[in-house]
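Chemist: Quick one, fold the following:
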Amino acid sequence: QPQLEESGGGEVQAGGSLNLSCTASALTSNHYAIGWFRQVSGKERVGISCVSTKDGSTIYSDSVKGRFTISRVDAKNMVYLQMNNLKPEDTAVYYCATDRGCYYSGGWYRPTQIGSWGRGTQVTVSL
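Modeler: Next up is the predicted model:
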């Protein structure tokens, strides 16, 4: 299984920006995407953005559309999540994961088949 590691979390004031990084050691032959998820303590983990490693297509959950941008650097096996205009409700632990594909439904990025998770990075947005 590939190993993933997130970095770039921290604490910012509302309206600020952070750029998260996800480093993947490798991709398996049946996982063609890397997704970003977030989880608030006591709540379920939800998908917020995904990028296909086959064609570079991207999807965003409605809650972050227009504020977050996902990108990849294939040569480095890295995926980034640029987060702008952060809000207190963006406070969560952010995870990256390998996925079989990027699927959007009902306003959300819906994971199809998660391969591996990173350990997460905390993002805190204060007023």
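
Chemist: The residue most central in space within the chain: what secondary structure?
Modeler: Residue closest to the average C-alpha location in the chain (Cα atoms, centre = their mean): residue 36, at 1.6 Å. Assigned with DSSP: H, G, I helix; E, B strand; the rest coil, residue 36 falls in the strand class.

Chemist: show me what contacts it?
Modeler: Counting by Cβ atoms under 8 Å, 6 or more residues apart in numbering, residue 36 touches 20, 22, 47-50, 70, 79, 81, 94-96. Using the backbone N, CA and C atoms, a C-beta is placed for each residue, glycine as well.

Chemist: how about 10 Å then?
Modeler: 6, 20, 22, 47-51, 60-61, 64, 68, 70, 79-81, 83, 94-97, 109, 118 (Cβ atoms under 10 Å, 6 or more residues apart in numbering).

Chemist: got it, and residue 81?
Modeler: Residues near residue 81 by Cβ under 10 Å, 6+ apart: 6, 8, 18-22, 35-36, 38, 48-49, 51, 64, 68-71, 94, 96, 123.

Chemist: now with 6 Å?
Modeler: 20, 36, 70 (Cβ atoms under 6 Å, 6 or more residues apart in numbering).

Chemist: Just the element for the first one, please.
Modeler: With elements taken from DSSP states H and E, the one containing residue 20 is strand 18-24.

Chemist: residues of that strand that come out buried?
Modeler: 18, 20-24 (16 or more other Cβ atoms under 10 Å).

Chemist: among these, which one has the lowest pLDDT?
Modeler: Note: of these, the lowest pLDDT belongs to residue 24, at 86.
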